[in-house]
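Asker: Model the structure of this input:
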Amino acid sequence: METAAAARALFRERFGAEPVGTWSAPGRVNLIGEHTDYNDGFVLPFAIQHRTHVALAPRTDGVFRVRVASTFDDATVEVALDELDSLFPTRRDEVTEWARYPLGVAWAVLAASGKSPSEVTGADLAFASNVPVGAGLSSSAAIEGATAVALAETWGVSLDRVSLAKAGRVAENEAVGAPTGIMDQMAALLGRADAAIFLDCRSLETEIVDLGFDAAGLELLVIDTGVKHSHATGGYGERRGACERGAAALGVPALRDVTVADLDRLAGLVDDVTFRRVRHVVTENQRVLDTVRALREQGPTAIGDLLVASHVSMRDDFEISVPELDTAVDAALAAGALGARMTGGGFGGAAIALVARDRLQHVTDAATAAFAASGFTAPTIFTVTPSDGASRDA
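Answerer: Numbering: from 1, shown residues only. The predicted model follows:
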């Protein structure tokens, strides 16, 4: 609870009062299913033990304003609740980027609840986090999830977890300007210990899939390359556009409706880059289904080749890997990992490796040595544990 204590201490420092409670939400690792979410496809993420905590107190002075502060920024940002509608999305650039996440959630939760700004209280929120930023572990959804559950409780808003996840996605898409899907928010809100969430991004139906890592003597290792990425940049949007062009060429609503067998027909309808972008998404969807089946029928030792195939597809067809990620994956596999892939949106961030517990140090040492040999900054390497989703801490 050190991070929760940091959030409470920051609250006292910035706002000169005591919070009424703290809430938190986790980051996530996506085991497999990259860039399939905004194509109405399938994903298999799990929440991790790293969390973002928010200390909150409602305003008692009758002022309908929200103030947000964080341990990673010296500034406190304050906005009137009735200004949120005019601020997002058209004037979002007037707000420092990190603050758009919680303020965007406040805006989206209000809209989803049907309440007007005068029907809720103002609030002060202070954030602290131990989710690595820019590593592809969804530090953004952790902020959104923590904010959503805290404000929903504070405002007496009756929204279920899926609705709160939708509010987080609205914040990310409209308030921040990142054209992401809903996977990260669903993982942050619905995570379950020792399990992954099999999510249909079209219907938003979920199934809990036991991972069985511990029983099989396996650990999931995260190799954070230190190469920062941002979803609110052109590379992500370009790939989403390519997916939309591919779906339009085939006359379907989304790439979810395309099978591997349809790819031959697509090849004559679009340029090579668009074809390869589509091929990644279509084959990745199938890999998610195959991974869920393998976990249920054979256990986690059977999914290594699927993880590797996912990385090759992201590297060659979707072209979102970077040399540091390829080095991490190659080094882990050479040192005996069962499978490895980059995880997250790409252009930096982290790789994951599924490793037998007795090979963990060997893989860690091999990745560190490979980075040094390539002249890269040393990676940050740690294990992650499938964990529960957003909750009130105290």
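
Asker: after the helix or strand harbouring residue 166 comes which helix or strand?
Answerer: Under the criterion of DSSP states H and E, residue 166 resides in helix 161-170. Remark: after helix 161-170, the chain's next helix or strand is helix 183-190, criterion DSSP H and E.

Asker: now the angle from that following helix to helix 161-170?
Answerer: 140 degrees (axes from the mean of the first three to the mean of the last three Cα atoms, to 10 degrees).

Asker: Neighbouring strands - and their directions - for the longest strand seen in the chain?
Answerer: Ranked by number of residues, the top strand in the chain under DSSP state E is strand 42-58. If you go by DSSP bridges, strand 42-58 pairs up with strand 21-32 (antiparallel), strand 123-129 (antiparallel), strand 195-200 (antiparallel).

Asker: I'd guessed residue 136 sits against residue 342; true?
Answerer: Yes - with contact defined as Cβ atoms under 8 Å, residue 136 and residue 342 form a contacting pair (7.4 Å). Where C-beta positions appear, they are placed from N, C-alpha and C, glycine not excepted.

Asker: helices and strands of the protein: which one bottoms out on pLDDT?
Answerer: Scoring the helices and strands of the chain by mean pLDDT, DSSP states H and E places helix 234-250 at the bottom, with a mean of 92.

Asker: how far out from the middle of the chain is that helix?
Answerer: Distance of helix 234-250 from its chain centroid, counting by Cα atoms, centre = their mean, to the nearest Å, is 20 Å.

Asker: Give me the helices and strands touching it, please.
Answerer: If you count contacts as 3 or more Cβ pairs under 8 Å, 6 or more residues apart in numbering; DSSP states H and E, helix 234-250 packs onto helix 263-267, helix 272-297.

Asker: Residue 132 is nearest to which of those helices?
Answerer: helix 272-297 (23.9 Å; Cβ to Cβ).

Asker: C-terminal to the closest one, which secondary structure element comes first?
Answerer: helix 304-316.

Asker: Could you give the bridge partners of residue 125?
Answerer: In beta-bridge terms (that is, DSSP bridges), residue 125 pairs with residue 56, residue 68.

Asker: show me the contacts for it.
Answerer: Residue 125 makes contacts with 54, 55, 56, 66, 67, 68, 69, 102, 147, 150, as judged by Cβ atoms under 8 Å, 6 or more residues apart in numbering.

Asker: returning to what we had before: go through the strands paired with strand 42-58 and pick out the most buried.
Answerer: strand 21-32 (a mean of 28; mean count of other Cβ atoms under 10 Å).

Asker: Distance from that one to the middle of the chain?
Answerer: 8 Å.

Asker: ok, now stretch 35-52?
Answerer: Worked out by Cα atoms, centre = their mean, stretch 35-52 lies 6 Å from the chain centre.

Asker: Pull out the buried positions in that stretch.
Answerer: Along stretch 35-52, these residues count as buried under the neighbour rule (16 or more other Cβ atoms under 10 Å): 35-52.

Asker: One more: stretch 142-153?
Answerer: 142, 143, 144, 145, 146, 147, 148, 149, 150, 151, 152.

Asker: Please report how far the first one lies from residue 384.
Answerer: Translated: residue 142. Taking Cβ to Cβ, to the nearest Å as the measure, residue 142 falls 13 Å from residue 384.

Asker: Give the intersection of the neighbour lists for those two.
Answerer: In contact with both residue 142 and residue 384: residue 50, using Cβ under 8 Å, 6+ apart.

Asker: closest to residue 82 among the contacts of residue 125?
Answerer: Distance to residue 82, by Cβ to Cβ, is smallest for residue 66 among those, at 10.9 Å.
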